[in-house]
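*Asks:* Got a sequence here, can you build the structure:
(one chain, ligands or ions: 1)
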Amino acid sequence: MSNLIVLGAQWGDEGKGKIVDLFADRFHYVARYQGGHNAGHTVQVGGNKFVLKLLPSGVLHPHVSVVIGNGVVIDPAALLDEIEMLHKAGIETAGRIAISSRAHVIFPFHRLVEKVSENRADRVAIGTTLRGIGPCYEDKIGRRGIRIADLLDENIFDTLYGYLADDKQILARAFKVEGEIHYDEICAKYREYANVLRPYVCDTARLLNSAIRDGKRVLFEGAQGTMLDIDHGTYPFVTSSSAAAGGACTGSGVAPTRIDGIIGVSKAYITRVGSGPFPSEDTGEAGDWIRKAGHEFGSVTGRPRRCGWFDAPLLRYTAMVNGFDTLIVTKLDVLDNLPEIKVCVGYESKGRRVDDMPATNALLAEIAPVYETLPGWAQPTAGITRYGDLPSRARDYVEFLESQTGVEVGCVSTGPDRLHTIVRSGSKLESLLG
Ligand code: IMP
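*Replies:* Have a look, this model is predicted:
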């Protein structure tokens with residue numbers, strides 16, 4: 001029985017939502033382990049498009065249960081909106097959503113604090129999604145955060161909320177936004193949320209571990225991407241959680257010994273939203289072209305994504321950090337009409353080859369990507385479902401990525417719909433999926 005992790009191999013937006021949705025019905029549970037409603041997973045089913053932010057993409061399958069693990073931060077308003085959206089679309093959620101009692105809660109003042117700190121004239125903005133994610137994780141690590149279990153216990157909540165409100169008042173004074181936070185109203189609202197959320201809340205580590213003991217399969221769904229991981233990404237231009245594969249264990253309470261495979265998801269090119277280093281970014285015509293052809297605009301914030309060429313050294317790094325067994329390459333069809341396609345095959349700095357991923361932004365800024373240019377295939381691949389039906393140059397491209405990254409490409413996605421997917425026969429991916 002395989003429990004698998006699916007996660008982003010780049011800076012997020014790799015198309016994990018579609019992939020998780022596609023494989024979900026082979027699993028009993030799909031679990032999120034980090035992040036919050038900063039993530040946006042777009043899933044297209046038939047004519048309907050769903051943007052899921054907090055709920056794992058598996059929720060669209062009626063026989064799959066979904067788990068929001070302890071590593072996630074939850075804005076109750078956002079979560080309840082999402083549940084409501086599903087109900088409106090006729091998707092039944094009763095008994096299918098479990099929320100960890102140990103997940104931390106986002107409050108409106110987290111967003112306010114973030115907005116003010118992002119706007120400070122004397123600092124470089126990270127370009128966050130302004131959803132209060134970072135400030136909530138700060139409170140978690142600072143051991144003053146409020147968890148779902150605390151929210152549900154009136155006595156504990158009142159005391160902890162009082163402490164947190166005190167701290168935020170000091171910050172609000174420092175940032176000169178006093179008076180903008182209505183602490184009593186927030187407190188009353190969150191007491192209401194507690195009652196609505198109560199039926200969904202449990203010890204999800206126990207739930208997942210007993211399910212695994214009973215032979216059920218769990219798919220762990222990463223949000224964001226490895227290069228946005230708090231430890232392994234392009235710090236400080238990262239999100240505040242452990243997006244890499246290790247986070248699946250800490251963020252769910254399921255031990256590494258229970259994980260059977262790790263699947264990386266990467267675009268056939270690369271994008272990034274927000275600020276921060278991006279060695280293979282193309283700020284010229286080709287980058288614009290990819291943005292248009294790939295509809296590269298943020299699903300949560302609508303911001304245009306920065307676009308560039310597939311970065312093999314970056315992929316080698318994320319493959320190392322995550323231990324990818326297999327790679328899924330999405331949006332191959334976006335490159336269909338390009339006469340030539342560049343791939344970054346190495347980094348150089350001051351004329352010398354750089355083999356490690358630099359740890360600082362200053363060093364990353366000095367990097368010059370070394371490109372190899374491959375001929376385009378200039379034929380449509382959109383919607384192709386068999387590897388052998390891809391134009392030979394498209395196959396050459398996929399196999400070039402495989403040889404450059406050292407990871408098999410087990411699957412290629414050729415369009416947004418579930419059906420527009422090729423799982424390569426004989427691949428490790430095929431055997432992991434069982
Ligand atoms: P935060 O997660 O809102 O704190 O934002 C930190 C950084 O992560 C910013 O550069 C965001 O654009 C980026 N980020 C957060 N969530 C996503 C995502 O789902 N896709 C891509 N980038 C994201």
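*Asks:* can you count the residues close to Lys176?
*Replies:* Look at Lys176: counted by other C-beta atoms under 10 Å, it has 9 neighbours. Just so you know, the C-beta spots here come from the backbone N, C-alpha and C atoms, and that holds for glycine as well.
*Asks:* Which helix or which strand is home to it?
*Replies:* Following DSSP states H and E, there is no helix or strand that holds Lys176.
*Asks:* I'd like the distance between it and Ala165.
*Replies:* Using C-beta to C-beta, to the nearest Å, Lys176 is found at 18 Å from Ala165.
*Asks:* For the stretch 101-250 of the chain, which residues are neighbours of the ligand?
*Replies:* The stretch 101-250 of the chain comes close to the ligand at residues 126-129, 131, 133-134, 223-224, 228, 237, 239-240, as judged by C-beta under 6 Å from any ligand atom.
*Asks:* out of those residues, who has the most neighbours?
*Replies:* Tallying neighbours with other C-beta under 10 Å puts Gln224 at the head of those, with 32 neighbours.
*Asks:* State the distance from it to Pro135.
*Replies:* 17 Å.
*Asks:* How about Trp11?
*Replies:* Applying C-beta to C-beta to Trp11 and Pro135 gives a distance of 21 Å.
*Asks:* Show the pLDDT at Asn155.
*Replies:* The confidence metric pLDDT takes the value 90 at Asn155.
*Asks:* Which parts of the protein are helices?
*Replies:* Using DSSP state H, the helices of the chain run over 16-23, 76-88, 108-118, 133-141, 148-152, 154-174, 183-197, 204-213, 246-250, 285-293, 312-322, 361-366, 392-405, 428-433.
*Asks:* re the thing from before, could you check which of Trp11 and Pro135 has the larger neighbour count?
*Replies:* Between Trp11 and Pro135, counting by other C-beta under 10 Å, Trp11 is the more crowded of the two (30 against 25).
*Asks:* Quick check, that one in contact with Tyr269.
*Replies:* No - using C-beta atoms under 8 Å, Trp11 is not in contact with Tyr269; the gap is 11.8 Å.
*Asks:* And for the residue lying closest to Met357 once chain neighbours are set aside, the neighbour number?
*Replies:* Using C-beta to C-beta, 6 or more residues apart in numbering and skipping residues adjacent in sequence, the residue nearest Met357 is Tyr317, 4.3 Å away. The local packing of Tyr317 (other C-beta under 10 Å) involves 19 other residues.
*Asks:* Give the buried residues for the longest strand along the chain.
*Replies:* In the chain, assigned by DSSP state E, the strand with the most residues is strand 340-349. Neighbour counts over strand 340-349 (16 or more other C-beta atoms under 10 Å) mark Ile341, Lys342, Val343, Cys344, Val345, Gly346, Tyr347 as buried.
*Asks:* And for stretch 45-64?
*Replies:* Phe50, Leu52, Lys53, Leu54, Leu55, Pro56, Ser57, Gly58, Val59, Leu60, His61, Val64.
*Asks:* ditto for stretch 392-405
*Replies:* For stretch 392-405, by 16+ other C-beta under 10 Å, it's Ala394, Arg395, Tyr397, Val398, Phe400, Leu401, Gln404, Thr405.
*Asks:* And the residue of the stretch 151-300 of the chain closest to the ligand?
*Replies:* In the stretch 151-300 of the chain, the residue that lies nearest the ligand is Gly274 (2.3 Å; C-beta to the nearest ligand atom).
*Asks:* Quick check: phi and psi on that residue?
*Replies:* The phi and psi torsions at Gly274 (degrees, to the nearest 10) take the values phi 90, psi -180.
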